[in-house]
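Enquirer: whatever this is, show me its structure:
(one chain, ligands or ions: 1)
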Amino acid sequence: MAATRTQLSQAYPIGSRVDEDGRLQIGGCDAVELAREFGTPAYIVAEDDLRARAQTFVEAFRARTSDFDVLFASKAFPCTAVYRVLAEEGIACDVASGGELALALRGGFDPARIYMHGNAKSVAELRFAREAGVGHIVIDNADEIERLEAVVGDGPPQPVLLRVTPDVRGMTNDKISTGQADSKFGFSMADAPAAIARVTRGPGGGRLDLVGLHMHIGSQILELDPFRRAIEAIAPLGDFGTYNLGGGLGVAYTAEQEPPRIADYVAAKVDTVTRVLGPGKRILDEPGRALVANSTVTLYTVQSVKRNVSTWVAVDGGMSDNLRPMLYGAVYEAQVADRFGGGTPVKVVGKHCESGDVIVRDAELADPRVGDVIVTPATGAYGHAMANNYNGVPRPPVIFVSQGDARVVVRRETYDDLFARDVD
Ligand code: LLP
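Expert: Predicted coordinates:
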């Protein structure tokens, strides 16, 4: 057996460790015992990690400004229990659809502190937001201005932000880059002045109350400069009381990746706002991935180990529980949960009927065998969120662990769930 590795990569949840016997412990629970008790695949969420990162964001802002709010970009992990924890931590919430709004309300968020996004909001979604008392709606395009004015009617004015694209690109996958001029999101720098004028002085006659601007330049960004440049870029659009700077802070998926610290990311944004836009601005930030990604690991069980040109370790999940390698070429690491270490170069692959269903292309596992529990860290963001039933595979449960206790917060899907929407 390869030497036991006791130093865990920073991709794992805060508070996890490999014990003297080479077994992974998360939230005080043994990973292999969790797999035995709850089955695999399963998302294991270290609740204390979620809470700690929310607190770190809030403290980082509080250290630099008194007028701010941290919004959970809930598309990253839209699960009632996660909303509940983050609502308890006192942060606010960003929703991108009526469904996310329903989940956020169920999770206990104060509607007044919910911000509703979306580049194609329907009348029904806008009505739902109004009826629920959503604090702010983020206007994405000209069609939405009229639609929202009609929904507001003679009711109290709706506070809104206007989404702009600063034409700044961060280094990230094209599919998750949003700040460029040619984007499906928001008003370009060229179109923004007319949209601002239309909302503030247009025929809608005060139905919308424009409190500020929103932007979000992209996701999994590992350098701070694009965030600074984006703030500089929107300065010519005028002087507003509130700026929602979006999310985008990248995280470590592997031991090699070194994302900026939350405090440095917050300092870069707040200091640039103060320098470029002026003091006293209300600053909103919308982290998704950086709040939740590293809170979670996925556990799988090895079903087969096959050697041809490569060694193929096939597990009982795959692109139905983690679409990110397939969609973005995202890189993850893997270990045998009770034999940390390397030794055998393998490809960890899923059970789906596609050759591209590879979870980890270049893993090094300690002599993997059928029945072993495999762990991949950093699956909290956009894992459960983008899970699907490809090949009729039921979606995994979500298990919260904390201080040695484990509880199911989302149960595993059953075959009956696969029939649940059939009407005859
Ligand atoms: N705010 C807005 C308006 C957004 O569109 C997003 C993400 C965020 C905040 C949060 O970004 P974050 O802090 O998580 O980077 N499915 C992709 C990511 C898509 C991100 C979409 N918008 C992935 O798995 O990488």
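Enquirer: CA only for contacts and neighbour counts going forward, please
Expert: Will do.
Enquirer: where do the strands sit along the stretch 301-424 of the chain?
Expert: Ranges of strands within the stretch 301-424 of the chain are 311-315, 335-336, 344-349, 358-365, 373-377, 398-402, 405-410, based on DSSP state E, counting those that start in this stretch.
Enquirer: what's the burial count for the closest residue to the ligand within the stretch 301-424 of the chain?
Expert: Of all residues in the stretch 301-424 of the chain, the one sitting closest to the ligand is Y382 (4.6 Å; CA to the nearest ligand atom). Close neighbours of Y382, defined as other CA atoms under 10 Å, add up to 22.
Enquirer: what residues are up against it?
Expert: By CA atoms under 8 Å, 6 or more residues apart in numbering, the contact list for Y382 reads 75-77, 289, 293, 322, 324.
Enquirer: which ones among those residues lie within strands?
Expert: Members of the contacts of Y382 lying in strands (criterion: DSSP state E): none.
Enquirer: distance of K306 relative to Y243?
Expert: 54 Å (CA to CA, to the nearest Å).
Enquirer: neighbour count: the two, which is higher?
Expert: For K306 versus Y243, neighbours defined as other CA under 10 Å are more numerous around Y243 (23 against 12).
Enquirer: just checking, what packs against the helix or strand where that one lies?
Expert: Element membership for Y243, per DSSP states H and E: strand 242-244. Judged by 3 or more CA pairs under 8 Å, 6 or more residues apart in numbering; DSSP states H and E, strand 242-244 is in contact with strand 208-214, strand 282-285.
Enquirer: which bits of the stretch 301-424 of the chain sit near the ligand?
Expert: 324, 382 (CA under 6 Å from any ligand atom).
Enquirer: so what touches stretch 313-323?
Expert: 40-41, 300-306, 325-326, 346-352, 357-359, 368, 379, 382-384, 386-390, 393, 395-396.
Enquirer: again, only using 6 Å
Expert: 41, 300-305, 348-351, 357, 383, 387-390 (CA atoms under 6 Å, 6 or more residues apart in numbering).
Enquirer: show me how to select, in PyMOL, the buried members of those.
Expert: The following PyMOL line selects those of those that are buried, judged by 16 or more other CA atoms under 10 Å:
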select buried, resi 41+300+301+302+303+304+305+348+349+350+351+357+383+387+388
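Enquirer: any chance of the helices and strands packed on strand 242-244 in JSON lines, with mean neighbour count, distance to the ligand and mean pLDDT too?
Expert: What follows is these, written out as JSON lines (neighbours: other CA atoms under 10 Å; distance: least, CA to the nearest ligand atom, whole Å; pLDDT from 0 to 100):
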{"stretch": "strand 208-214", "mean neighbour count": "21", "distance to the ligand": "8", "mean pLDDT": "97"}
{"stretch": "strand 282-285", "mean neighbour count": "22", "distance to the ligand": "8", "mean pLDDT": "98"}
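Enquirer: and the pLDDT at S183?
Expert: Looking at S183, its pLDDT is 85.
Enquirer: one more: M1?
Expert: pLDDT, M1: 37.
Enquirer: need the single longest helix in the protein, by residues.
Expert: helix 47-62 (DSSP state H).
Enquirer: just checking, what packs against the helix or strand following it?
Expert: Counting by DSSP H and E, the element after helix 47-62 in chain order, helix or strand, is strand 68-73. Here strand 68-73 touches strand 92-95, strand 282-285, going by 3 or more CA pairs under 6 Å, 6 or more residues apart in numbering; DSSP states H and E.
Enquirer: low-confidence regions, this structure specifically.
Expert: For the chain, the stretches flagged by pLDDT under 70 are 1-6, 176-179.
Enquirer: break it into its domains for me.
Expert: Per automatic domain parsing, the domain ranges recorded for the chain read 17-46+293-419, 48-292.
Enquirer: distance between the ends of the last one?
Expert: This points to domain 48-292. Domain 48-292: ends 11 Å apart by CA to CA.
Enquirer: need the outlier residue of the protein, farthest from its centre.
Expert: P203 (37.5 Å; CA atoms, centre = their mean).
Enquirer: now the residue sitting nearest the centre point of the chain: how far from E149?
Expert: Nearest to the mean C-alpha position of the chain, counting by CA atoms, centre = their mean, stands A76 at 2.4 Å. Shown here: A76 relative to E149, a distance of 30 Å by CA to CA.
Enquirer: repeat that for L418.
Expert: From L418 to E149 the distance is 40 Å (CA to CA).
Enquirer: now G241
Expert: Taking CA to CA, one finds G241 at 22 Å from E149.
Enquirer: same check, this time on P236
Expert: Taking CA to CA, one finds P236 at 26 Å from E149.
Enquirer: those two - which one has more neighbours?
Expert: More neighbours surround E149 than the other of P236 and E149, with 20 against 11 (other CA under 10 Å).
Enquirer: who touches L284 in this structure?
Expert: Contacts of L284 (CA under 6 Å, 6+ apart): 68-70, 244.
Enquirer: that one bridge partners, please.
Expert: Counting by DSSP bridges, L284 is bridged to D69, N244.
Enquirer: over to I44?
Expert: Where I44 sits in a bridge, its partners, by DSSP bridges, are V297, I399.
Enquirer: how far off centre is whichever strand or helix holds R198?
Expert: Secondary structure assignment for R198, by DSSP H and E: helix 192-201. Offset of helix 192-201 from its chain centre (CA atoms, centre = their mean, to the nearest Å): 31 Å.
Enquirer: what's the angle between that helix and strand 208-214?
Expert: With axes from the mean of the first three to the mean of the last three CA atoms, to 10 degrees as the basis, helix 192-201 and strand 208-214 are set at 150 degrees to each other.
Enquirer: for N244, see how far away I231 is.
Expert: Taken as CA to CA, the span from I231 to N244 is 10 Å.
Enquirer: now tabulate the domains of the chain in CSV and tack on distance to Q7.
Expert: Formatted as CSV, the domains of the chain follow (distance: least, CA to CA, whole Å):
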stretch, distance to Q7
domain 17-46+293-419, 7
domain 48-292, 10
